[in-house]
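Asks: Everything below, folded, please.
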Amino acid sequence: MLNRLPALARFLLVLTAINFAVFATLRILFWASFHEASAGAAWADVFRALYLGFKFDLRLALLLGLPLALLGWIPLFDPARRRAARLAWLGYFTAAQCVILLLYFVDFGHYGYVRARLNASLADHLTPLGVAAQMAWETYPVLPGVLALLLLTSGYVWLVGRAARRALAPIPAPAVKWPGRLVVGALAVLYLFGIYGKWSRYPLRWSEAYFSSNEAVAALALNPVLFLSDSAVNPSRPYDVKKVREHYGFVSSLLGVKTPDPQNLEFGRYVTPRSKPAVKYNLVVIHMESFAAFKAGVFGNRLNATPYFDAIAKEGILFTNFFVPAVPTARSVFTMMTGIPDVSPNNAAATRNPLLINQHTLVNALEGYSKYYFLGGSATWGNIRGLFTHNVPGLRVYEEGDYDAPQIDTWGVSDIVLFEKALGALANERNPFFAFIQTSGNHRPFTIPKERGGFVVEQMDGAALRDSGFDSPAAYNGMRFLDYSLEVFFAQARKAPYFKNTVFVMYGDHGNPSTQQTPWEQLRLTGVHVPLVIYAPGLIKGRRIDFTASLTDALPTFLGLLGVPYLNTGIGRDLLSLGPHDPHFSLLWENAVLDDEFFLRLDPGGPRLFRYRSRAGAQDVHERYPEKIAELRRLHEAFLETSRYMLYHNPARPHAPDGSAVRQAARR
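Replies: Predicted coordinates for the structure are as follows:
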């Protein structure tokens, strides 16, 4: 069969097989060298890690051969036709394999030293260069390593050279006809699919290696060369330690750190809620896609797109001045789970940065709880999978492929199906539980499913839509369908035995622009102003809280209501424990902050200040309030730099009141 293929195709297949065999062998050697690190892991997780790792290895082998696959068909670069081209390609593969083997050598030493696969943080250890070189010389067998590298590269050259002579040798055969061309086309499709890595809307990504909370299992699944590339697009230290230390006293005091430690920059504080319910309450967090506050009736919108949500909001605690730090959904998920605003640079969410995969989350303070994550599409989206599965042990994930209904659009199944799956899973739960339900239907293209129960699409006059801030009938009905899905969910949840002992939370992951040029729209606040509702009829009474709050405060507030003690390592605070005279604020984007009255924006042309809750909210008043500008500017810089630092220094820690354990974890 191979003899019927063109010489170039044969050569590519053999090369890919050789390279894959080399990388797979190195993976087995890695496992053999460091198997004690994963000794406590289940064998099923180890084998899954190896399976994923081999897929990454195949991708690297295919990427290594991609230049030949793309250019080798051109006569000038065809190794089967030109001896010079063959020598050039052999030189390329030799050099590339030598570099890759060197990276593997460094990876073995890097993992043995810091128990982490090779990544972009290596650059931090290479300066000053003289010190780094001396340390490497004194620590590692450099000369034997160089000799081994030369020997392995020489062996690779011999093997590839021999393969080239055989694969590229002319074979007497009839010219390739259409069946042969079809085979070549099929191989090309398989080649690209091998690079893509999986049968899904999303390709194989580094975050899938973090399916387990065991660090060693994730390390076994990663490919060091690809992981180095994935992490290289993110700066390793986008924070200023001097500024963090300069503001430490101010920040630690505001956060209530009981034992300040400016030397180690310790922000952790153990919190014991003032009261505790008589029974353990469940916690259900409903993450509502694109739920801008101005679109809800409870905030004054006249189109009545959210009647059920409005009713729930009146029965629960409604936070009216609640903000998320930035607009993209992935940033809101990260912020809610960690209590740290996602202020990552380069317009890339923290979930996409491999260097930020390890995070402490208050979810793990819910000891003895079963934990669920429900998403209508793929958890590979935004590399969210790693944030959840790696940091929340025992988490059960429901995603694409776990639903009986088909996907209705690019975001997965409808919100109705999503809620039905959650209801079914929670109905059989005998332990207290935490459930994170992430809706996605209220998002372009605003698909309404064919099977939609009693929901009726409404046609609305364009002028009426614009007057209420909706940019299209689809957006209006998308919001209505999300509200209808909430109604169906709660109608069924009320019949469940767990309902009376459950705290339900609903918040918007971000807002969106309004078609009305209101002051808030002019200030771009409609994109970050969302509702937060806490609903637990047996535990709380309905009321409004109008002071400024942030998504960073979410989990501390929820756990405080449940009466669960926790170690808080983020900047969030329990909103229900704050008094009217406590500072209330929210960091926005990377250049703004607001409190209960003023909104400071640090524009390129200079600071601008707005009394954003007044009738003239869009009027710049910075010249009238220099002291307020100084106050908010200090607040902004302090928490921006601290948040940037926390992103890289927030490893998982035990939720225990032992202060020494906290300090030791911080030093690590």
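Asks: Give me the below-cutoff pLDDT ranges for the stretch 51-200 of the chain.
Replies: By pLDDT under 70, the low-scoring segments of the stretch 51-200 of the chain are 121-128, 131-132, 135, 138, 171-180.
Asks: now do 90
Replies: Applying pLDDT under 90 to the stretch 51-200 of the chain flags residues 72-73, 75, 78, 80-82, 108-146, 163-189, 191, 198-200.
Asks: do the same with the stretch 201-350 of the chain
Replies: Short version for the stretch 201-350 of the chain, where the test is pLDDT under 90: 201-202, 206-207, 211-216, 228-240, 274-275, 278, 326-328, 343-350.
Asks: which residues of it fall in helices?
Replies: Ranges of helices within the stretch 201-350 of the chain are 215-221, 224-232, 241-246, 248-255, 307-315, 329-338, based on DSSP state H, counting those that start in this stretch.
Asks: Throw those helices into a markdown table and include distance to residue 580, thanks.
Replies: Every residue, glycine included, has its C-beta placed from N, CA and C. Below are the helices of the stretch 201-350 of the chain laid out as a markdown table (distance: least, Cβ to Cβ, whole Å):
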| stretch | distance to residue 580 |
| --- | --- |
| helix 215-221 | 44 |
| helix 224-232 | 45 |
| helix 241-246 | 30 |
| helix 248-255 | 16 |
| helix 307-315 | 22 |
| helix 329-338 | 25 |
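Asks: would TSV of those with mean neighbour count be doable?
Replies: Shown next, in TSV, are those (neighbours: other Cβ atoms under 10 Å):
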stretch	mean neighbour count
helix 215-221	24
helix 224-232	20
helix 241-246	14
helix 248-255	17
helix 307-315	18
helix 329-338	25
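Asks: and of those helices, who's closest to residue 72?
Replies: Closest to residue 72 of the helices of the stretch 201-350 of the chain is helix 224-232 (Cβ to Cβ; 22.5 Å).
Asks: Show me what that closest one is packed against.
Replies: For helix 224-232, the elements it packs on are helix 43-71, helix 83-114, judged by 3 or more Cβ pairs under 8 Å, 6 or more residues apart in numbering; DSSP states H and E.
Asks: Redo those helices as TSV? Include distance to residue 527 and mean neighbour count.
Replies: Putting the helices and strands packed on helix 224-232 into TSV (distance: least, Cβ to Cβ, whole Å; neighbours: other Cβ atoms under 10 Å) gives the following:
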stretch	distance to residue 527	mean neighbour count
helix 43-71	37	18
helix 83-114	40	16
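Asks: Which of the ones you listed sits closest to residue 497?
Replies: Checking the helices and strands packed on helix 224-232 against residue 497 by Cβ to Cβ gives helix 43-71 as the closest, at 32.7 Å.
Asks: Now do the closest one against helix 224-232, angle only.
Replies: Per axes from the mean of the first three to the mean of the last three Cα atoms, to 10 degrees, the angle that helix 43-71 makes with helix 224-232 is 80 degrees.
Asks: tell me which strands and helices helix 43-71 is in contact with?
Replies: Where contact means 3+ Cβ pairs under 8 Å, 6+ apart, helix 43-71 is packed against helix 7-34, helix 83-114, helix 178-196, helix 215-221, helix 224-232.
Asks: quick one, it and helix 83-114 angle?
Replies: 150 degrees.
Asks: Look up how far residue 485 lies from residue 413.
Replies: Distance, residue 413 to residue 485, by Cβ to Cβ, to the nearest Å: 11 Å.
Asks: which residues are in contact with both of these two?
Replies: Here residue 413 and residue 485 share no contacting residue, scored by Cβ atoms under 8 Å, 6 or more residues apart in numbering.
Asks: before we move on, the earlier item: output the helices and strands packed on helix 224-232 as TSV; include the columns distance to residue 504.
Replies: Below are those laid out as TSV (distance: least, Cβ to Cβ, whole Å):
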stretch	distance to residue 504
helix 43-71	33
helix 83-114	42
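Asks: Alright, I will stop here.
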